[in-house]
Structures are given as structure tokens and as C-alpha cells.
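Participant: Dropping a prediction and its sequence here:
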Amino acid sequence: MRSVKILGYTINLSKGAGKPEAISNTGRKKASSVIRKQNKREVSFQIADIRTALVMAENPQNPDRSKLHQIYRYILRDARLKSQIRDAIMKVQCEPFMLYAHDSDKADETLSTRYRKKWLNDSIKYAVESEMHGYGVVEYDQIDAKAADIGVVNRLDHEYVSIEKQCILIDASVNGSYLSYADIATDIDLVEFCDSRNDYGILLECAYNVIWKYYSRTDWSRTSEKWGNPLLKVLVDTNSDTELDDYEARASNFGSDGYIIGQKGDDIGMLERSGQRMHDIFYDNIKLCNEEFTLLVNGQVATSSQKSFVGSAEVQERNFEDLTLSRLQRVADMVNLKLFPYLRLKGFTDLENVRFDYPALIQERKKKLSRSFENQPAKDAKDTDKEPTDEQ
């Protein structure tokens, strides 16, 4: 089998029918070492920027997600959205996984314990995160197949990866230098977590609601600044510019010295708003935006900070559980179809004919299958009881 070295990587070039050889790339540079980190701009974005970012990303000749990733980084400053994503990841990571033989539902306890390590838990986290961004490219380093251990698991910054072209963007630009990993991903220890190369992740829909929320917060602050503080009213019986300037100077210093001196006949008082809930229009919009992206991420809005009708809360909790089961299935597919084939090529021989799965998923499958089988005889008996008519 012929091989070459690229950036210190040993790359197999032969595409024979035989089983690929396990390659050791110890001592070489990581693929991410070619990246030249660029300064990240911290700017505000508008709804129109999302449309522009989509046009750039959907360009069939030269898809560019750079602006889209900048918007994603901007909206992830929102505490509510970040906490929802954290909850989704935490829910999956807390679910215990097991390793099974391909043709059995009996878990291998010893093998499962051997692989219950931080590097696999990190891989699960990045698999869940790929749903949010649409994809994730993970780099593995310091691989020790005999000990079933990997020292470094690192997800490449989305802005330095073109998932459509399967390239590492050295300067975070699709028009700049790049390293294509399309045919050498396994050899340079990269694993892609994605369902489709045209998936922009659920953060795209979240972006609209977070930016609308930012609008409301900004408008609320401006309104509070303009109308929330009491106004000083000074009516004076004079047309003298000098006297008016003197009163204006006194009024402008009212906030600092706490008093104003007038003369008999002057009308001095405070104007304050009372009984008007001007903030409701902003607050309601913020709540609506929070609910929208909370439904997108976790399928429910009942939280510990919101009292809900018990029945409604239970329904929403079931929605969250169903969504979590769906995420568990997605993670299991990612591990079995993408991560484990890579690990086998790296010398993890004890993963041959082994599959990754969750006991909760297996139990749920059996429960739904048993219900299906229980309902089938009743349906067949009902069809049998029907007597044929004369016309039949």
C-alpha cells in the first residue's frame, strides 16, 4: 500500500479492495495547525444581515457561511438561548450508553466501562452541537488504541471549515488558502458530524427571534431613559434671555445638587408617569421570542422560572423527552456510522462488530413494538367479524 507524507501526516493513497491498514500518526502536526487565527469582529447584526448571510451560504458556485457563523456567535451571547442548548446537551450526556454486539441487545458491561471516558463524552457533546450549527468537524489527537484512550478531542471552529467543499479554510475565507480533507479525513484524524452538507442548523431560525428580542431590549432601554425618569417643570414669568438662561442652568444642575432656586410666582414641579405599563409591549415581545427559540431547541417552554398548569407542564415535559430520544438516536447513528469506523481504522480492534446504543432507546423501541403487536390482533379480529354482503 503506497503512502505519502503531508504536513507530517502519513496518508494512504492506494484504494485496493483489501482491508485498510491502521496508521499511526504520532509525532506529526495536527490538521488544525495550518489554521491562521483571525481577529473576530464583535458587531451587532440586523434581520437584513440574516438574509444576506443566507444568500452567501446558498451560492452554488462558492458557498460562504462566514457571515452566518458570525451571526450565530452574536446570538449565542443570549443567556436564554445558551442555557437551552446547554440543557439539550446535558440531557443527552447524562443518559448512560452501552456497547452491544451487532446482532444482540445484551450489553457488554466490560467493554462499555472501558469506553466510558471523557473523549467519548466530548464526541457526544459535539454530535449534539452539530444539530445547532448544521455540522461539526472534530479532530482527534494523542490516540492510544491499546488503552482505548484519546488525549485530545477538539472541534474545529466553524468559521475555518467549509463543509460543502470539505476544506479547512486557513484564513477563515472561502476565497483564501485551504486544505482539502475530502479524501484524507481519516488519515488526518478528522471526523465529520453532519446530516446534510446543506443544513444550516436550528440556530438559523433562532437568529430571527434573538435579534427581534435584542430590538425590544434596546427600545425598552431607550423608552425607560426618555420617559422613565421624572421631568423637572419650571414655569417662569419673564421674557429676559438672561434670566431664562439662568433658569436653564439651574434646572440642568438639578440632578447633581438636588435643588433649584426660583422666585415668587415661578411654578416649579416634577412630572412623573404613573399607572402606565409602557414596558409591557417590549416585555411581551421578549417573552414571545424566548418561547419561540425555546420551542425550537427543546420543544417546550415550561421552566423552573415559569409556573404552568400541571397538565400542560406534563405534556411539555413529554415533548422534551421525545425530542431527547430523537437526539439520542441521532447521536447513536453518528457514533456508529462515523466515529466507530474511524476508530477501527486507528487500531481499536475491540470495536469490531460492536455497536453503540442507549438502553433508554432500546427500551422505548420494545415498548412501542409491543403496543403495535397488541393492537394488531384486535384489528385483525375486527376485520374477520365483518360478514360478506350479498353483493360481495
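Facilitator: Received the coordinates, thanks. Residues are numbered from 1 along each chain as shown.
Participant: Please list all residues in contact with Tyr126.
Facilitator: Gly136, Val138, Val153, Arg155, Phe193 (C-beta atoms under 8 Å, 6 or more residues apart in numbering). C-beta here means a position set from N, CA and C on the backbone, and glycine is covered the same way.
Participant: Which residues are in contact with the last one?
Facilitator: Contacts of Phe193 were listed using C-beta under 8 Å, 6+ apart, and they are Tyr126, Ala127, Ser130, Tyr135, Gly136, Val137, Val138, Met334, Lys338.
Participant: could you dump these to a markdown table with pLDDT and distance to Tyr247?
Facilitator: Output for the contacts of Phe193, formatted as a markdown table (pLDDT from 0 to 100; distance: C-beta to C-beta, whole Å):
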| residue | pLDDT | distance to Tyr247 |
| --- | --- | --- |
| Tyr126 | 97 | 66 |
| Ala127 | 96 | 69 |
| Ser130 | 96 | 65 |
| Tyr135 | 96 | 65 |
| Gly136 | 96 | 65 |
| Val137 | 97 | 68 |
| Val138 | 97 | 69 |
| Met334 | 96 | 72 |
| Lys338 | 96 | 75 |
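Participant: Which ones among these lie within strands?
Facilitator: The strands, defined by DSSP state E, take in Gly136, Val137, Val138 from these.
Participant: wait, isn't the first one in contact with Glu129?
Facilitator: Yes. Under the contact definition of C-beta atoms under 8 Å, Gly136 touches Glu129, with a separation of 5.7 Å.
Participant: Just give the number of residues close to Ala207.
Facilitator: Neighbour count of Ala207, defined by other C-beta atoms under 10 Å: 25.
Participant: now swap in Ile35 and tell me
Facilitator: 19.
Participant: now Glu109
Facilitator: 10.
Participant: quick revisit: could I get the ones in strands among the contacts of Phe193 as a markdown table with distance to Phe45 and neighbour count?
Facilitator: A markdown table is the format used below for the ones in strands among the contacts of Phe193 (distance: C-beta to C-beta, whole Å; neighbours: other C-beta atoms under 10 Å):
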| residue | distance to Phe45 | neighbour count |
| --- | --- | --- |
| Gly136 | 22 | 25 |
| Val137 | 24 | 26 |
| Val138 | 27 | 23 |
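Participant: Against Asn285, how distant is Gln46?
Facilitator: 16 Å (C-beta to C-beta, to the nearest Å).
Participant: quick one: which of the two has more around it?
Facilitator: A count of neighbours by other C-beta under 10 Å puts Asn285 above the other of Gln46 and Asn285, at 18 against 12.
Participant: Residues that sit against both of Gly136 and Glu129, list them.
Facilitator: Arg155.
Participant: Could you list the low-pLDDT ranges of the chain?
Facilitator: 1-28, 220-232, 254-279, 301-318, 375-392 (pLDDT under 70).
Participant: Met132 - how many residues pack around it?
Facilitator: For Met132, using other C-beta under 10 Å, the count is 21.
Participant: partner residues bridging the nearest residue to Cys167 once chain neighbours are set aside?
Facilitator: Sequence neighbours aside, Tyr178 is the residue nearest to Cys167 in space, at 4.1 Å (criterion: C-beta to C-beta, 6 or more residues apart in numbering). Tyr178 has the following beta-bridge partners by DSSP bridges: Leu169.
Participant: quick one: contacts for Tyr178?
Facilitator: So Tyr178 contacts Ser162, Lys165, Cys167, Ile168, Leu169, Ile170 (C-beta under 8 Å, 6+ apart).
Participant: Kindly indicate the member of those with the most neighbours.
Facilitator: Leu169 (26 neighbours).
Participant: Please tell me I have it right and that one contacts Gly176.
Facilitator: Yes. Leu169 is within contact range of Gly176, at 6.6 Å (criterion: C-beta under 8 Å).
Participant: all helices of the chain, in order?
Facilitator: 47-57, 66-75, 79-93, 109-114, 118-133, 203-223, 241-252, 254-257, 280-298, 310-334, 340-345, 359-384 (DSSP state H).
Participant: Neighbours of Gln84, how many?
Facilitator: 21.
Participant: Next one: the residue nearest to it when sequence neighbours are not counted from Tyr140, what distance?
Facilitator: Spatial nearest neighbour of Gln84, chain neighbours left out: Val297 (4.2 Å); criterion: C-beta to C-beta, 6+ apart. For Val297, the distance to Tyr140 equals 28 Å [C-beta to C-beta].
Participant: Closest to the centroid, which residue in this protein?
Facilitator: Most central in the chain under C-alpha atoms, centre = their mean is Met132, positioned 3.1 Å from the mean C-alpha point.
Participant: Would you agree Lys338 is in contact with Val191?
Facilitator: Yes. At 5.6 Å, Lys338 counts as touching Val191 under the criterion of C-beta under 8 Å.
Participant: These two - which one has more neighbours?
Facilitator: The neighbour comparison of Lys338 against Val191 (other C-beta under 10 Å) goes to Val191, with 23 against 17.
Participant: who's that one bridged to?
Facilitator: Val138.
Participant: my read: it touches Tyr135, true?
Facilitator: No. Counting by C-beta under 8 Å, Val191 does not reach Tyr135; the two are 11.3 Å apart.
Participant: For Glu205, which non-adjacent residue is spatially closest?
Facilitator: Closest to Glu205 by C-beta to C-beta, 6+ apart is Leu296, at 5.5 Å.
Participant: ok, now how distant is the one you found from Thr242?
Facilitator: 63 Å.
Participant: Alright, that wraps it up for me.
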